[in-house]
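Visitor: here is my input, please return the structure:
(one chain, ligands or ions: 1)
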Amino acid sequence: MTSRLSRLVVAMIATAGATLGVTVANPSPASAAMTICYNTSQAGSYAGTANQAASIWNNATVNLTLSANCGSNLRIYQITGGGSYAVRTSLGNGRVYIDTQQAAQYSPLRIMTHEIGHILGLPDNYNGNCAILMSGGSAGTSCTNPYPSSAEASRVSSLFAGTFSATERSTDRSADIFRDSWPATLAPVS
Ligand SMILES: [Zn+2]
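Guide: Residues are numbered from 1 along each chain as shown. The predicted model follows:
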């Protein structure tokens, strides 16, 4: 190539690199080092729990950062009755509902990290194993483990590596509602 073209290519690469280096609050699905802004304005007494859960996920994963009150990719709500659940509108975006009645029986932090796990792309895995975060309430009320397993954490890191196509992110890998079965003396949400 000519030296003039070479300089142009170098300039384009430099521009692309500068763009990649910028981390922005992005309401759209995964991009490199996605920042997920979570909003606790309606989290009631669970705002601190949400902050703890965010730290756990940030420490366990790469390619994403949960950041408090910089936007509303993820809204967290305190509710009473009906069960805790998550509504994922796309990868890294959605709403989490923490039921005070369930949180009185089960570890609130485990519920919070579990529900956020759904927003981060993980399905339920009700195998009764307390070491598995997505086993949720199947591990019983005595299970207070709030940490994802290494396999769960690496799955989330992979999802946020941005290697999936937009089509994949917008279909089966994204939107979903998780009505959790944290066993409790509650009428399930229908
Ligand atoms: Zn769940």
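Visitor: output the contacting helices and strands for the helix or strand where Thr113 lies.
Guide: In this structure, Thr113 sits in helix 108-119 according to DSSP states H and E. Helices and strands touching helix 108-119, by 3 or more C-beta pairs under 8 Å, 6 or more residues apart in numbering; DSSP states H and E, are helix 47-60, strand 74-79, strand 85-90, strand 93-99, strand 176-179. No exception for glycine: its C-beta is placed from N, CA and C like everyone else's.
Visitor: in the first one, which residues are buried?
Guide: When you say that, I think you mean helix 47-60. 47, 49-51, 53-54, 56-57, 60 (16 or more other C-beta atoms under 10 Å).
Visitor: I'd like the next helix or strand past that helix.
Guide: Using DSSP H and E, the helix or strand that follows helix 47-60 in sequence is strand 64-68.
Visitor: now do that next one, average pLDDT.
Guide: Taken as a whole, strand 64-68 has an average pLDDT of 95.
Visitor: which residues are in contact with the residue most central in space within the chain?
Guide: The C-alpha lying nearest the average C-alpha coordinate of the chain belongs to Leu120 (C-alpha atoms, centre = their mean; 3.0 Å). Taking C-beta atoms under 8 Å, 6 or more residues apart in numbering, we find Leu120 in contact with 36, 57, 61, 64, 91-92, 156, 159-160.
Visitor: let's see 7 Å
Guide: Leu120 is in contact with 57, 92, 156, counting by C-beta atoms under 7 Å, 6 or more residues apart in numbering.
Visitor: could those residues be laid out in a markdown table, adding pLDDT and distance to Gln78?
Guide: Shown next, in a markdown table, are the contacts of Leu120 (pLDDT from 0 to 100; distance: C-beta to C-beta, whole Å):
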| residue | pLDDT | distance to Gln78 |
| --- | --- | --- |
| Trp57 | 98 | 20 |
| Gly92 | 91 | 22 |
| Val156 | 92 | 24 |
